[in-house]
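# what's the 3D shape of this:
(chains A and B)
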Amino acid sequence: MIYFDKVSKIYSPTSIALEDVSFAISPNEFVSIVGQSGAGKSTLLKLLLAEDRPTSGKVFFESSDVHAVPPGELPALRRRMGVVFQDYRLLPQKTAYENVSFALEAAGKGDDDIKQDAPQVLELVGLMDKAWHFPHELSGGEKQRVAIARAIVTRPDVVIADEPTGNLDPLNTWDIIRLLEKINDLGTTVILATHDKEIINSLERRVVTLEKGKVVRDEQRGRYVL
Amino acid sequence: MAMDKITFRRILKWGFINFFRNGVVSLATVLVMSLSIFVIGSVVVGSSFLSGVISSLEEKVDISAYFKPSAKEEQILALKKDLEQFPEVRSVKYVSAEEALEIFRARHEGDDVILQSLEVVGENPFSPSIEIKAKDPTKYGSISKFLESGRYDNILDMDDSGEKKITYRQNQFVIDKLSALLATSRRAGFAVSLVLAVISLMVAYSTVRLAIYNSRDEISVMQLVGASRPFIRGPFLVEGVIHGVIAAAFTLAVFYPVFWFAGAKTSALFGGFNVFEYFSENIFQIFFILLVSGVLLGVLSAYFAVRRHLKV
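A predicted model of the protein is given here:
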């Protein structure tokens, strides 16, 4: 479903973020991308979201080359991928509910659908009681759960989570990971970038290990080895 | 993507919500924009008022030459014809003694004392005259020189000291001053107002740009969530319209006392013309100009400011 084909991203000769990375992700997989800070995890996800262009190589989402998609069709492609960031990136001027419904509005969903789906997803992440709070009124864990709700409410084919637990305490970390597992169980592909050893070891799912921009290991039911 | 009704409605909704949630930033933007369209409005009102004053004064400026009662009409018409040959003369109007009397009667209709005193005089006390208008107020000098050259001494009326009755003399000071003022004020005024308008436009644009710069992260998140460019840009444009409309209304409210005060202080300077009267007579056109410039300023500033961040 997703295929990285000999992808390199070179910022400058001394700063090579990714070098000749190739691997594929199948539908309904739960893939963890691990590696130390600066190993290229975020760059890889940015390339998939077409936030940045590779220096060479191609990134495919199903049959389409992500970087050959015309700008006008990019929003539609991005709606098939839900994103979760380490720093949440909620819209600060919008309430939790509005952050979630915004994604549906952007997708052009009707009002009735929004009234049905948005509360349902907030219920799923356990935040219906704080739906009308603004992000600055929420804790880190709550913000991240809103971000996940926003990412999944449009029923994307894949959820991309870039260090989603990086700013969270252990309890909230496990809440988020369990949520991602649940999403995967419901049939959505999940790509999780992390450097949290405990998470990787307890997940027992596929692990792709990056080191200095290269894939050094790719194992089913992998463990965190560096 | 064609903009459907529901998307348009949502853009409107978010424009209004964002305007209110931005609180202080919205207020500051409206104030700076008001300042900007205040300058533009002052320039527009000021220059159109001034040119109105000038052209109506120009209209009033003319030379009247009065003739001896003995002057024959053919002689006067011959002079009229001569004057009309001059390239600087716009028009020459002959007013016979009878017409002058009629005009006088009409002007004082109902004023019995004056009309009765006419009866007492018995004969027509008015002399025939011509009114000459020049194409350009600086040309009156040469026209009056022509009249005084002596060729028409036999028909032109003179007072006891031998001065010909040409009323240009009495208005010479006003005419000269006006023509000088006109020439310099048009040039200088245009340059100054252009500079002022450009500066104020830049200040307003910078303010909007800063406000939207604050939202740059939001804009990039919206793009990653899959919002289309029109859907991201739309609410900012709606906010721009709101800023412009409020700024226009606010500026009009500020203009009212400003012009009232300015009118009271300067009407003597403009020969009785009051800028406040001009303002209140044209208040709808002025508001329209303020509204259009405010909305254009708000929307265009927002459009270009957002475009900078829509590059992901």
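
# would you list every one of the helices in chain B?
Assigned by DSSP state H, chain B shows helices spanning B:5-21, B:23-60, B:73-84, B:97-107, B:112-121, B:140-148, B:168-213, B:216-224, B:229-266, B:275-281, B:283-307.

# Pull out the buried residues from the fourth one.
Within helix B:97-107, the residues scored as buried using 16 or more other C-beta atoms under 10 Å in any protein chain shown are B:A97, B:A100, B:F104. (C-beta placed from N, C-alpha, C; glycine too.)

# mind listing what residue 125 touches?
Just so you know, I chose chain A. Applying C-beta atoms under 8 Å, 6 or more residues apart in numbering or on different chains to A:V125 gives the contacts A:R145, A:V146, A:I148, A:A149, A:L179.

# look at chain B instead
Counted by C-beta under 8 Å, 6+ apart, B:P125 has contacts B:L118.

# could I get the contacts of A:V125 as CSV with secondary structure, neighbour count and pLDDT?
CSV is the format used below for these (DSSP: H, G, I helix; E, B strand; the rest coil; neighbours: other C-beta atoms under 10 Å in any protein chain shown; pLDDT from 0 to 100):
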residue, secondary structure, neighbour count, pLDDT
A:R145, helix, 26, 90
A:V146, helix, 26, 93
A:I148, helix, 27, 90
A:A149, helix, 28, 92
A:L179, helix, 22, 88
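
# which of the residues you listed are the two that sit furthest away from each other?
A:V146 and A:L179 (11.5 Å; C-beta to C-beta).

# three-state assignment of A:V208?
Three-state assignment for A:V208 (DSSP: H, G, I helix; E, B strand; the rest coil): strand.

# residue contacts, it?
A:F23, A:V31, A:S32, A:I33, A:V34, A:V215, A:R217, A:D218, A:G222.

# Would you mind putting those residues into TSV with secondary structure, distance to B:N214 and neighbour count alongside?
Formatted as TSV, these follow (DSSP: H, G, I helix; E, B strand; the rest coil; distance: C-beta to C-beta, whole Å; neighbours: other C-beta atoms under 10 Å in any protein chain shown):
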residue	secondary structure	distance to B:N214	neighbour count
A:F23	strand	39	16
A:V31	strand	36	22
A:S32	strand	35	22
A:I33	strand	32	26
A:V34	strand	35	25
A:V215	strand	39	20
A:R217	strand	43	15
A:D218	strand	42	15
A:G222	coil	42	20
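
# now those residues as TSV including distance to chain B and pLDDT?
Listed next are the contacts of A:V208 as TSV, based on distance: C-beta to the nearest C-beta, whole Å; pLDDT from 0 to 100:
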residue	distance to chain B	pLDDT
A:F23	23	90
A:V31	20	93
A:S32	21	92
A:I33	18	91
A:V34	23	90
A:V215	25	89
A:R217	29	87
A:D218	27	88
A:G222	28	74
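
# Tell me how far the residue nearest to the spatial centre of chain B lies from chain A.
Centroid check for chain B by C-alpha atoms, centre = their mean gives B:S48 as the closest residue, at 1.0 Å. Noted for B:S48: a distance of 42 Å to chain A, by C-beta to the nearest C-beta, to the nearest Å.

# Could you list the low-pLDDT ranges of chain A?
Along chain A, the parts satisfying pLDDT under 70 run over A:226.

# Give me the number of neighbouring residues for B:R10.
Look at B:R10: counted by other C-beta atoms under 10 Å in any protein chain shown, it has 21 neighbours.

# should've said B:E73
Neighbour tally, B:E73, other C-beta under 10 Å: 12.

# Contacts only, for it.
Contacts of B:E73 by C-beta under 8 Å, 6+ apart are B:S96, B:P128.

# mind running it again at 10 Å?
B:F67, B:Y94, B:S96, B:A97, B:P128 (C-beta atoms under 10 Å, 6 or more residues apart in numbering or on different chains).

# between those, which is nearest chain A?
Proximity of the contacts of B:E73 to chain A (C-beta to the nearest C-beta) peaks at B:Y94, which lies at 74.6 Å.

# so what's the closest one bridging to?
With DSSP bridges applied, B:Y94 shows beta-bridge pairing to B:I130.

# In this structure it contacts B:Q75, no?
No: contact between B:Y94 and B:Q75 fails when scored by C-beta atoms under 10 Å: they sit 11.4 Å apart.

# and for the two, which residues touch both?
B:F67.

# would TSV of the helices of chain B with mean pLDDT be doable?
Formatted as TSV, the helices of chain B follow (pLDDT from 0 to 100):
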stretch	mean pLDDT
helix B:5-21	92
helix B:23-60	82
helix B:73-84	83
helix B:97-107	83
helix B:112-121	80
helix B:140-148	77
helix B:168-213	76
helix B:216-224	89
helix B:229-266	91
helix B:275-281	83
helix B:283-307	91
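
# Tell me which of those helices lies nearest to A:M128.
When the helices of chain B are ranked by proximity to A:M128 (C-beta to C-beta), helix B:5-21 comes first, at 21.4 Å.

# Tell me who's in contact with the nearest residue to B:L79 once chain neighbours are set aside.
Take B:L79 and drop its neighbours on the chain: the residue closest to it by C-beta to C-beta, 6 or more residues apart in numbering or on different chains is B:Y152, 5.9 Å away. Listed by C-beta under 10 Å, 6+ apart, the contact partners of B:Y152 are B:A65, B:F67, B:A71, B:Q75, B:I76, B:A78, B:L79, B:D82, B:F146, B:K164.

# where's B:Y152 relative to B:F67, distance?
Separation of B:Y152 from B:F67 (C-beta to C-beta, to the nearest Å): 9 Å.

# Next, show the common contact partners of these two.
Joint contacts of B:Y152 and B:F67 (C-beta under 10 Å, 6+ apart) are B:Q75, B:I76, B:L79.

# Tell me how many other residues crowd the second one.
So the one you mean is B:I76. Neighbour number of B:I76 under other C-beta under 10 Å is 21.
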